[in-house]
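Colleague: just the structure for this:
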Amino acid sequence: MSDKIEQYNIKNLMDRECSFCEGLNKIYNLKTKQYKFEISKETGNGYFRQIASGENIQVIDFDMTFCRHMEVEGMSRTPHVDMFFCIGDGIEWRFHGRRSKFELLNGDSFLAKTKNKENVKRCIYPSGHKFQFIEVKIHPKKFKQIIQSIENEWRIFCKGKYDEIFYKCKITPSITVVLQQMINCPYEKGLRDIYMEGKIFELFAIYLNEAVYQREKRNLVKLSKEDISSIYKAQQILNNNITAPPSITSLSKMVCLNEFKLKNGFKEIFGETIYAYVIDRRLETAQLLFEEKNMQVSEVASMVGYANMSHFALAFRKKFGINPGEYLRNVVKQ
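Modeller: Numbers count the residues shown, from 1 in each chain. This next block holds a predicted model:
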């Protein structure tokens with residue numbers, strides 16, 4: 001790929017012979033379809049790997065834990081568009097010439113578009129933390145092609161700032177499903193390329209639609225920062241207990257928010273009621289179990305909290321347009 005994003009320069013501030021930085025430089029400047037780097041036992045455990053590299057698009061999957069504090073400094077010498085999804089412990093960056101730091105917490109994401117090359121930035125990796133994130137890099141030429149057909153939506157999203165854009169938002173359940181499908185792509189070679197390119201477009205479409213929606217809804221939310229923090233905590237509790245979620249009364253006590261604010265604030269922030277959110281999350285979890293574990297319908301229904309098979313089948317068909325049995329036979333096992 002002649003226009004592939006390259007010219008990255010990354011170094012460890014405390015160890016010039018850092019194999020981790022060598023791996024980062026290799027993967028960011030890579031010109032092959034797939035690459036995986038295993039973290040050495042002396043440094044920690046885990047890996048990072050390139051899971052897609054199409055025409056001017058790169059997707060990297062990180063899953064790492066370090067046994068010692070790491071500080072990595074680097075920069076890109078070429079403009080690009082970044083989408084970054086934090087699905088593990090939080091991660092922190094510091095930029096030269098700026099006093100403030102930038103951090104992403106678990107469940108955060110950002111989309112950034114730079115006109116020029118980046119400033120030098122330092123990434124902090126404390127020991128013992130589990131860093132899991134997905135990074136999507138898109139060359140400006142490819143990105144321009146993508147947004148040509150969605151000019152109205154893009155204009156709403158960027159509010160006239162087309163060259164320098166930075167947008168941060170929460171990872172929604174729909175985005176989580178697509179990310180997991182990308183991580184666990186079942187295909188190889190040419191089929192993998194087609195599948196991954198489609199998923200990247202799907203990811204961008206969902207992200208843009210939900211980001212615009214979140215921005216519009218945020219203008220209507222009349223909640224304090226503490227209230228909003230409590231609502232996101234409630235979301236996390238629901239995510240961790242999706243098969244047997246607490247009642248509204250119990251949940252409101254757990255996050256120290258009255259039921260009225262919890263119910264109405266949750267709907268304003270996430271665009272659906274708590275009940276609808278739980279149902280959607282259960283069904284999306286069921287879809288992932290079908291695709292990743294190849295489990296039977298009855299097993300999946302039970303695992304996501306449905307005691308009644310007909311209720312599960314009806315809800316699944318309503319969301320995905322197909323019965324779970326047909327989905328398992330004709331989509332997963334094809």
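Colleague: using PDB, write out every CA atom in stretch 237-256.
Modeller: The C-alpha trace of stretch 237-256 is given here as PDB (Å, rounded to 0.1, in the frame of the first residue of the first chain):
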ATOM      1  CA  ILE A 237     -23.500  -2.600  37.300                       C
ATOM      2  CA  LEU A 238     -26.000  -3.700  34.700                       C
ATOM      3  CA  ASN A 239     -23.300  -4.800  32.300                       C
ATOM      4  CA  ASN A 240     -21.800  -7.000  35.100                       C
ATOM      5  CA  ASN A 241     -25.100  -8.500  36.100                       C
ATOM      6  CA  ILE A 242     -27.000  -8.700  32.800                       C
ATOM      7  CA  THR A 243     -28.500 -12.100  33.500                       C
ATOM      8  CA  ALA A 244     -29.900 -11.100  36.900                       C
ATOM      9  CA  PRO A 245     -29.900  -7.300  37.100                       C
ATOM     10  CA  PRO A 246     -30.900  -5.500  40.300                       C
ATOM     11  CA  SER A 247     -34.300  -3.800  40.600                       C
ATOM     12  CA  ILE A 248     -34.600  -0.100  39.900                       C
ATOM     13  CA  THR A 249     -35.000   0.400  43.700                       C
ATOM     14  CA  SER A 250     -31.800  -1.600  44.500                       C
ATOM     15  CA  LEU A 251     -29.900   0.000  41.600                       C
ATOM     16  CA  SER A 252     -30.800   3.500  42.700                       C
ATOM     17  CA  LYS A 253     -29.500   2.800  46.300                       C
ATOM     18  CA  MET A 254     -26.300   1.200  44.900                       C
ATOM     19  CA  VAL A 255     -25.400   4.400  42.900                       C
ATOM     20  CA  CYS A 256     -26.900   6.900  45.500                       C
END
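Colleague: now do that stretch, average pLDDT.
Modeller: For stretch 237-256, the mean per-residue pLDDT is 93.
Colleague: and for stretch 285-304?
Modeller: 86.
Colleague: what does it contact?
Modeller: 177, 180-181, 184, 186, 242-243, 282-283, 309, 312-313, 316, 320, 324-325, 327-328, 331-333 (Cβ atoms under 8 Å, 6 or more residues apart in numbering). For every residue, glycine as well, the C-beta is placed using N, CA and C.
Colleague: redo that, cut-off 7 Å
Modeller: Here stretch 285-304 makes contact (Cβ atoms under 7 Å, 6 or more residues apart in numbering) with 177, 180-181, 184, 242-243, 282, 309, 312, 316, 320, 324-325, 327-328, 332.
Colleague: those in helices, which ones?
Modeller: In helices, judged by DSSP state H, the following of the contacts of stretch 285-304 are found: 177, 180-181, 282, 309, 312, 316, 320, 324-325, 327.
Colleague: need the pLDDT of the residue nearest the centre of the chain.
Modeller: Nearest to the geometric centre of the chain sits residue 85, at 3.5 Å (Cα atoms, centre = their mean). pLDDT recorded at residue 85 is 94.
Colleague: pretty sure it sits against residue 180.
Modeller: No: shown here, residue 85 and residue 180 do not form a contact pair, counting by Cβ atoms under 7 Å, at 10.8 Å.
Colleague: which of the contacts of stretch 285-304 sit farthest apart?
Modeller: For the contacts of stretch 285-304, the maximum inter-member distance is 25.8 Å, found between 184 and 309 (Cβ to Cβ).
Colleague: run a quick neighbour tally on the closest residue to residue 254 other than its chain neighbours.
Modeller: Nearest non-adjacent residue to residue 254, counting by Cβ to Cβ, 6 or more residues apart in numbering: residue 237, 6.1 Å away. Residue 237 is flanked by 16 other residues according to other Cβ atoms under 10 Å.
Colleague: for the helix or strand containing residue 237, which positions count as buried?
Modeller: Assigned by DSSP states H and E, residue 237 falls within helix 225-240. Within helix 225-240, the residues that qualify as buried are 227, 230-232, 234-235, 237-239, counting by 16 or more other Cβ atoms under 10 Å.
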